[in-house]
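# Sequence and computational prediction follow.
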Amino acid sequence: MKGLNVASEQEAMESGPKNLLSICLVIVILLLCAYAIFGNRGVMRILQAREQQHQLEQQLAELKEQQQQLHEEIRRLKEDKSYWEQLARTRLGMVREGELIYHIPDGDEHKPETGSK
């Protein structure tokens, strides 16, 4: 029986460092996984960067469209005199000599105000 006890103690002593090594290895692996997910170049950062890239691409497309519209307006201002007249009439309220402007109020302007007392 004494020989069996000594063998059990020896296995326990040998398995202690093996268990400690296994635990350390598991901790290191977990830390590496956490860094791979949440680190500077981790999965989360890559997903955020892709989302930001998508937003910037949309913004760029909108700005290109706006730029194209502005180029078209510049072209019309340089070449189209009727466009000038249209802008003067709509934005500045200008009229030609001899024209009369009739202002027809909306239906909401002449409704009596109703208030509850």
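Now that the structure is in, tell me what you want to look at. Numbering: from 1, shown residues only.
# drop to CA atoms for contacts and neighbour counts, all remaining ones
OK.
# Count residues in the vicinity of residue 94, would you?
Look at residue 94: counted by other C-alpha atoms under 10 Å, it has 14 neighbours.
# Next, it: secondary structure please.
coil (DSSP: H, G, I helix; E, B strand; the rest coil).
# tell me the contacts of it?
If a contact means C-alpha atoms under 8 Å, 6 or more residues apart in numbering, then residue 94 has residue 88 as its contacts.
# Over to residue 38?
With C-alpha under 8 Å, 6+ apart, residue 38 has these contacts: 44-45.
# mind listing what residue 20 touches?
Going by C-alpha under 8 Å, 6+ apart, the list of residues near residue 20 is empty.
# which secondary structure element contains it?
Assigned by DSSP states H and E, residue 20 belongs to helix 2-38.
# Output the contacting helices and strands for the next helix or strand after that helix.
Going down the chain from helix 2-38, the next helix or strand is helix 43-79, by DSSP H and E. Other elements packing on helix 43-79 under the criterion 3 or more C-alpha pairs under 8 Å, 6 or more residues apart in numbering; DSSP states H and E are helix 2-38, helix 81-92.
# Try it again at 6 Å.
helix 2-38 (3 or more C-alpha pairs under 6 Å, 6 or more residues apart in numbering; DSSP states H and E).
# residue nearest the centroid of this protein?
When C-alpha atoms, centre = their mean is applied to the chain, the residue found nearest the centroid is residue 55 (4.6 Å).
# Quickly note the distance from residue 80 to residue 87.
Distance of residue 80 to residue 87, computed by C-alpha to C-alpha, to the nearest Å: 11 Å.
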